[in-house]
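J.: sequence below, structure please.
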Amino acid sequence: MAVTSYTEEFTSTVSPARLFKALVTESHVFIPKAVPGGIKSVEFLEGDGGAGSIKQTNLVDGGKLKFMKHRIDVVDVENLYTKYTLIGCDIEFEKVESVVSEIKFEAAPGGGCVCKMTSEYHVKAGYELKVEEVKEGKLRASGLFKAVEEYLVAHPEECA
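T.: Just a heads-up that it's a prediction; the model follows:
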């Protein structure tokens, strides 16, 4: 099985701790509020949000996907780091077995946050994943990050 990796970096005026809380530890409550036009709900199928938990994100009707399932591999609150694996969705990936993502939230010089995300696409034997095919996932991740950031800026009491 081949692995195709990409790294993305986002910057924000929001603190690393608030972004981590919104996107990781309280994502099941927060993300549907921040992205109501895209995400209907987030629920735990197994566990309580810690390592080993299975989380399902249910998307709004009319889109390409209806849901995605992630296994949470690591949640390190002290170091603002998480690792999770996309293990399923309602459509079969022709080329991809799984996607492993790691995210680290760090303080930016002068305030705010730098969010560093690495995703590894584990490609099924006999297939090759092209950069263009990864763009959709990258766009989804950056769109979610920006929507959450905008919501946190507009609602400073959230995830404080």
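
J.: next, the residue at the greatest distance from the centre of the chain: phi, psi?
T.: For the chain, the largest distance from the centre (CA atoms, centre = their mean) belongs to residue 126, which lies 27.5 Å off. Backbone dihedrals for residue 126, given as degrees, to the nearest 10, come out at phi 90, psi 0.

J.: distance of it from residue 94?
T.: 11 Å (CB to CB, to the nearest Å). Backbone N, C-alpha and C define where each C-beta goes, glycine included.

J.: repeat for residue 65
T.: Distance from residue 65 to residue 94, by CB to CB: 14 Å.

J.: neighbour-wise, which of the two wins?
T.: residue 65 (12 against 8; other CB atoms under 10 Å).

J.: what's whichever strand or helix holds residue 133 in contact with?
T.: Secondary-structure element containing residue 133, defined by DSSP states H and E: helix 131-154. With contact meaning CB atoms under 8 Å, 6 or more residues apart in numbering, helix 131-154 is reached by 4, 6, 8, 10, 12-14, 18-19, 22-23, 30-31, 33-35, 38, 95, 99, 115, 117, 119, 121, 158-159.

J.: now, which of those residues lie within strands?
T.: Within the contacts of helix 131-154, residues falling in strands by DSSP state E are 4, 6, 8, 10, 12, 99, 115, 117, 119, 121.

J.: where does the nearest residue to the fourth one once chain neighbours are set aside land on pLDDT?
T.: Okay, so that is residue 10. Spatial nearest neighbour of residue 10, excluding adjacent residues (CB to CB, 6 or more residues apart in numbering): residue 115 at 4.4 Å. Here, the pLDDT recorded for residue 115 equals 95.

J.: same question, residue 92
T.: Reading off the model, residue 92 has pLDDT 67.
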